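Novice: have a look; sequence and predicted model below, questions after that.
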Amino acid sequence: MALVELNNVSKTLGNKKILDSISLTIEAGEVKIIMGPSGCGKTTLLRCLAKLDKPDSGDILFHQKNIHDKNFNTLEFRKKVGFVFQNYALYRHLNVTDNITLALRKVFNMSPARARDKALDELEKLGMAPHSKKYPSQLSGGQQQRVALSRALATDPEVIVFDEPTSALDPLMTCEVGSLIGSLHGRKVTILCVTHDVRLAEQLSDRVTFLNHGRIAAEGSFKQLSSSGSDADIRRFFGGE
(Lines give C-alpha, C1' and ligand atoms only; values in the text may rest on other atoms or scores of the structure.)
Protein backbone atom coordinates (compact mmCIF):
# COMPACT_ATOMS: atom_id res chain seq x y z
CA MET A 1 0.00 0.00 0.00
CA ALA A 2 1.30 3.44 -0.94
CA LEU A 3 2.29 5.76 1.88
CA VAL A 4 1.76 8.89 -0.23
CA GLU A 5 -0.36 9.17 -3.39
CA LEU A 6 -0.89 12.07 -5.77
CA ASN A 7 -3.89 11.59 -8.04
CA ASN A 8 -4.31 13.96 -11.00
CA VAL A 9 -2.99 16.98 -9.09
CA SER A 10 -3.22 20.26 -11.01
CA LYS A 11 -2.36 23.82 -10.03
CA THR A 12 -2.59 27.08 -11.98
CA LEU A 13 -0.90 30.33 -10.95
CA GLY A 14 -2.01 33.39 -12.86
CA ASN A 15 -2.52 32.22 -16.43
CA LYS A 16 0.09 29.45 -16.24
CA LYS A 17 -0.66 25.83 -15.45
CA ILE A 18 2.21 24.88 -13.12
CA LEU A 19 1.07 21.31 -12.40
CA ASP A 20 -0.92 19.39 -14.98
CA SER A 21 -2.58 16.14 -13.79
CA ILE A 22 0.36 14.81 -11.76
CA SER A 23 -0.10 11.25 -10.48
CA LEU A 24 2.54 9.32 -8.57
CA THR A 25 2.92 7.02 -5.57
CA ILE A 26 5.54 6.74 -2.84
CA GLU A 27 5.79 3.35 -1.19
CA ALA A 28 6.88 2.88 2.42
CA GLY A 29 10.66 2.54 2.55
CA GLU A 30 11.13 3.87 -0.99
CA VAL A 31 13.64 6.47 -2.17
CA LYS A 32 11.66 8.51 -4.71
CA ILE A 33 13.59 10.96 -6.89
CA ILE A 34 11.84 13.74 -8.80
CA MET A 35 13.97 15.71 -11.25
CA GLY A 36 13.43 18.41 -13.80
CA PRO A 37 14.69 21.77 -15.06
CA SER A 38 13.97 25.08 -13.36
CA GLY A 39 10.34 26.09 -13.72
CA CYS A 40 9.08 22.56 -14.30
CA GLY A 41 6.78 22.61 -11.24
CA LYS A 42 8.95 20.89 -8.61
CA THR A 43 8.60 23.65 -5.99
CA THR A 44 4.83 23.97 -6.46
CA LEU A 45 4.50 20.20 -6.11
CA LEU A 46 6.34 20.33 -2.78
CA ARG A 47 4.31 23.29 -1.56
CA CYS A 48 1.10 21.35 -2.23
CA LEU A 49 2.49 18.31 -0.45
CA ALA A 50 3.55 20.46 2.52
CA LYS A 51 0.06 22.05 2.65
CA LEU A 52 1.51 25.48 1.92
CA ASP A 53 -0.58 25.58 -1.27
CA LYS A 54 -3.76 23.74 -2.22
CA PRO A 55 -4.16 22.06 -5.61
CA ASP A 56 -6.94 23.35 -7.87
CA SER A 57 -7.94 19.76 -8.51
CA GLY A 58 -6.83 16.24 -7.66
CA ASP A 59 -6.04 14.55 -4.37
CA ILE A 60 -2.93 14.12 -2.21
CA LEU A 61 -3.31 11.14 0.10
CA PHE A 62 -1.29 10.18 3.17
CA HIS A 63 -2.21 6.76 4.54
CA GLN A 64 -5.25 6.87 2.22
CA LYS A 65 -6.50 10.17 3.70
CA ASN A 66 -6.72 13.39 1.69
CA ILE A 67 -4.39 15.91 3.33
CA HIS A 68 -6.47 18.85 2.07
CA ASP A 69 -9.78 17.64 3.51
CA LYS A 70 -11.10 19.98 6.19
CA ASN A 71 -11.20 17.16 8.78
CA PHE A 72 -7.64 15.98 8.09
CA ASN A 73 -5.36 16.10 11.15
CA THR A 74 -2.66 18.47 9.93
CA LEU A 75 -0.72 18.44 13.20
CA GLU A 76 -0.33 14.65 13.11
CA PHE A 77 0.69 14.89 9.45
CA ARG A 78 3.42 17.41 10.26
CA LYS A 79 4.68 15.11 12.99
CA LYS A 80 5.05 12.25 10.52
CA VAL A 81 6.42 14.09 7.49
CA GLY A 82 9.67 16.03 7.83
CA PHE A 83 10.67 18.70 5.31
CA VAL A 84 14.27 19.77 4.68
CA PHE A 85 13.95 22.92 2.60
CA GLN A 86 16.45 24.35 0.14
CA ASN A 87 17.45 27.25 2.41
CA TYR A 88 17.50 24.95 5.51
CA ALA A 89 14.92 27.21 7.27
CA LEU A 90 16.98 27.44 10.45
CA TYR A 91 16.13 30.12 13.00
CA ARG A 92 19.07 32.52 12.91
CA HIS A 93 18.55 33.70 16.52
CA LEU A 94 18.63 30.15 17.97
CA ASN A 95 21.66 27.95 18.40
CA VAL A 96 21.86 24.48 16.85
CA THR A 97 20.38 22.66 19.84
CA ASP A 98 17.52 25.12 20.24
CA ASN A 99 16.70 24.90 16.52
CA ILE A 100 16.13 21.17 16.97
CA THR A 101 14.40 21.20 20.35
CA LEU A 102 11.87 23.93 19.54
CA ALA A 103 9.42 21.66 17.70
CA LEU A 104 10.05 18.78 20.09
CA ARG A 105 8.97 20.96 23.01
CA LYS A 106 6.18 22.95 21.35
CA VAL A 107 4.63 20.32 19.05
CA PHE A 108 5.56 17.01 20.66
CA ASN A 109 5.31 18.30 24.24
CA MET A 110 8.67 16.84 25.25
CA SER A 111 10.32 18.05 28.42
CA PRO A 112 13.30 20.36 27.82
CA ALA A 113 15.69 17.70 29.14
CA ARG A 114 14.32 14.94 26.93
CA ALA A 115 14.22 17.22 23.88
CA ARG A 116 17.84 18.20 24.45
CA ASP A 117 18.90 14.57 24.76
CA LYS A 118 17.06 13.72 21.55
CA ALA A 119 18.66 16.65 19.73
CA LEU A 120 22.17 15.77 20.88
CA ASP A 121 21.64 12.13 19.91
CA GLU A 122 20.73 13.10 16.34
CA LEU A 123 23.57 15.62 16.13
CA GLU A 124 26.00 12.95 17.30
CA LYS A 125 24.87 10.58 14.54
CA LEU A 126 25.64 13.24 11.93
CA GLY A 127 28.91 14.39 13.48
CA MET A 128 27.51 17.73 14.58
CA ALA A 129 27.53 17.37 18.39
CA PRO A 130 30.65 19.60 18.74
CA HIS A 131 28.69 22.42 17.06
CA SER A 132 25.59 22.17 19.26
CA LYS A 133 26.02 25.63 20.79
CA LYS A 134 26.84 27.45 17.56
CA TYR A 135 24.45 29.67 15.63
CA PRO A 136 23.60 29.10 11.94
CA SER A 137 25.78 32.02 10.87
CA GLN A 138 28.79 30.21 12.35
CA LEU A 139 28.22 27.08 10.25
CA SER A 140 29.10 26.15 6.67
CA GLY A 141 26.39 25.26 4.18
CA GLY A 142 27.07 21.56 4.65
CA GLN A 143 26.88 21.91 8.43
CA GLN A 144 23.58 23.80 8.21
CA GLN A 145 22.26 21.01 6.01
CA ARG A 146 23.17 18.48 8.71
CA VAL A 147 21.40 20.53 11.37
CA ALA A 148 18.27 20.73 9.21
CA LEU A 149 18.44 16.98 8.71
CA SER A 150 18.98 16.38 12.43
CA ARG A 151 15.92 18.52 13.17
CA ALA A 152 13.82 16.48 10.75
CA LEU A 153 15.08 13.14 12.09
CA ALA A 154 14.53 14.13 15.73
CA THR A 155 10.77 13.84 15.23
CA ASP A 156 11.09 10.19 14.04
CA PRO A 157 9.19 10.88 10.80
CA GLU A 158 7.80 8.28 8.42
CA VAL A 159 8.76 10.40 5.41
CA ILE A 160 11.47 13.00 4.86
CA VAL A 161 11.11 15.36 1.90
CA PHE A 162 14.23 17.05 0.56
CA ASP A 163 14.01 20.18 -1.59
CA GLU A 164 17.20 20.63 -3.65
CA PRO A 165 19.43 19.45 -0.77
CA THR A 166 22.72 20.13 -2.60
CA SER A 167 21.89 23.37 -4.42
CA ALA A 168 24.55 25.43 -2.60
CA LEU A 169 27.15 22.70 -2.05
CA ASP A 170 30.36 21.78 -3.84
CA PRO A 171 30.81 18.32 -5.46
CA LEU A 172 32.58 16.82 -2.44
CA MET A 173 29.89 18.00 -0.04
CA THR A 174 27.22 16.84 -2.48
CA CYS A 175 28.63 13.33 -2.27
CA GLU A 176 28.70 13.54 1.53
CA VAL A 177 25.09 14.74 1.75
CA GLY A 178 24.10 11.97 -0.65
CA SER A 179 25.70 9.43 1.68
CA LEU A 180 23.84 10.92 4.66
CA ILE A 181 20.50 10.75 2.85
CA GLY A 182 21.24 7.24 1.67
CA SER A 183 22.01 6.13 5.22
CA LEU A 184 18.43 6.97 6.22
CA HIS A 185 17.32 3.93 4.28
CA GLY A 186 18.74 1.79 7.07
CA ARG A 187 16.48 3.62 9.51
CA LYS A 188 13.41 2.67 7.47
CA VAL A 189 12.67 6.29 6.57
CA THR A 190 10.82 6.87 3.31
CA ILE A 191 12.52 9.55 1.21
CA LEU A 192 11.23 11.96 -1.41
CA CYS A 193 14.05 13.99 -2.93
CA VAL A 194 13.36 16.76 -5.42
CA THR A 195 16.53 17.86 -7.20
CA HIS A 196 18.10 18.97 -10.45
CA ASP A 197 21.44 17.45 -9.36
CA VAL A 198 22.01 14.39 -11.55
CA ARG A 199 25.00 13.22 -9.49
CA LEU A 200 23.03 13.23 -6.26
CA ALA A 201 20.03 11.51 -7.82
CA GLU A 202 22.19 8.76 -9.32
CA GLN A 203 23.86 8.25 -5.95
CA LEU A 204 20.50 7.75 -4.23
CA SER A 205 18.52 5.71 -6.74
CA ASP A 206 18.74 4.18 -10.18
CA ARG A 207 15.22 5.28 -11.10
CA VAL A 208 13.83 8.79 -11.34
CA THR A 209 10.62 10.60 -12.23
CA PHE A 210 11.25 13.45 -14.69
CA LEU A 211 8.99 16.48 -14.47
CA ASN A 212 8.80 18.96 -17.35
CA HIS A 213 6.29 21.73 -18.16
CA GLY A 214 4.17 20.66 -15.19
CA ARG A 215 3.75 17.07 -16.32
CA ILE A 216 5.51 13.78 -15.67
CA ALA A 217 7.44 13.47 -18.93
CA ALA A 218 9.22 10.18 -18.18
CA GLU A 219 10.11 7.64 -15.53
CA GLY A 220 12.97 5.19 -15.65
CA SER A 221 16.67 4.58 -15.11
CA PHE A 222 19.37 7.14 -15.91
CA LYS A 223 20.46 5.03 -18.86
CA GLN A 224 16.94 4.96 -20.26
CA LEU A 225 16.38 8.68 -19.79
CA SER A 226 19.73 9.75 -21.24
CA SER A 227 18.74 8.03 -24.49
CA SER A 228 15.06 8.91 -24.29
CA GLY A 229 13.95 8.62 -27.88
CA SER A 230 12.82 11.83 -29.53
CA ASP A 231 12.60 13.95 -26.37
CA ALA A 232 15.60 16.28 -26.64
CA ASP A 233 14.85 18.02 -23.30
CA ILE A 234 15.18 14.76 -21.37
CA ARG A 235 18.29 13.57 -23.25
CA ARG A 236 19.97 16.92 -22.71
CA PHE A 237 19.14 17.04 -18.99
CA PHE A 238 20.64 13.61 -18.38
CA GLY A 239 23.70 14.23 -20.54
CA GLY A 240 22.63 12.15 -23.48
CA GLU A 241 23.61 14.81 -26.00
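Specialist: Sure, I can see it.
Novice: rest of the way, CA atoms for contacts and neighbours
Specialist: Will do.
Novice: thought T25 was touching E5?
Specialist: Yes. Counting by CA atoms under 8 Å, T25 does reach E5; the two are 4.5 Å apart.
Novice: quick one: which of the two has more around it?
Specialist: It is E5, of T25 and E5, that has more neighbours when counted by other CA atoms under 10 Å, with 20 against 16.
Novice: distance of the more buried one relative to I216?
Specialist: E5 sits 14 Å away from I216, going by CA to CA, to the nearest Å.
Novice: once you drop chain neighbours, what's closest to R236?
Specialist: S226 (7.3 Å; CA to CA, 6 or more residues apart in numbering).
Novice: residue ranges with poor pLDDT in the protein?
Specialist: Applying pLDDT under 70 to the chain picks out residues 168, 228-230, 240-241.
Novice: break it down into its structural domains.
Specialist: 1-72+159-241, 86-157 (automatic domain parsing).
Novice: this protein: strands as residue ranges?
Specialist: Using DSSP state E, the strands of the chain run over residues 2-13, 16-27, 31-35, 57-62, 65-66, 81-84, 159-163, 190-195, 207-212, 215-221.
Novice: quick one: distance of the last one to the chain centre.
Specialist: What it means is strand 215-221. Relative to its parent chain, strand 215-221 has a centroid offset of 18 Å by CA atoms, centre = their mean, to the nearest Å.
Novice: what do you get for the fourth one?
Specialist: In terms of CA atoms, centre = their mean, the gap separating the centre of strand 57-62 from the centre of its chain is 18 Å.
Novice: what does it rub up against?
Specialist: 3-11, 21, 49, 66-68 (CA atoms under 8 Å, 6 or more residues apart in numbering).
Novice: what pairs with it, parallel or antiparallel?
Specialist: strand 2-13 (antiparallel), strand 65-66 (antiparallel) (DSSP bridges).
Novice: can you give me the helices for the protein?
Specialist: Secondary structure of the chain by DSSP state H: the helices cover 42-49, 74-80, 96-106, 112-125, 141-153, 171-183, 198-204, 222-226, 232-237.
Novice: and H131, which of those is closest to it?
Specialist: helix 96-106 (7.1 Å; CA to CA).
Novice: what residues sit buried inside that closest one?
Specialist: 96-105 (16 or more other CA atoms under 10 Å).
Novice: what of stretch 21-39?
Specialist: Buried-residue list, stretch 21-39, by 16+ other CA under 10 Å: 21-23, 25-26, 28-37.
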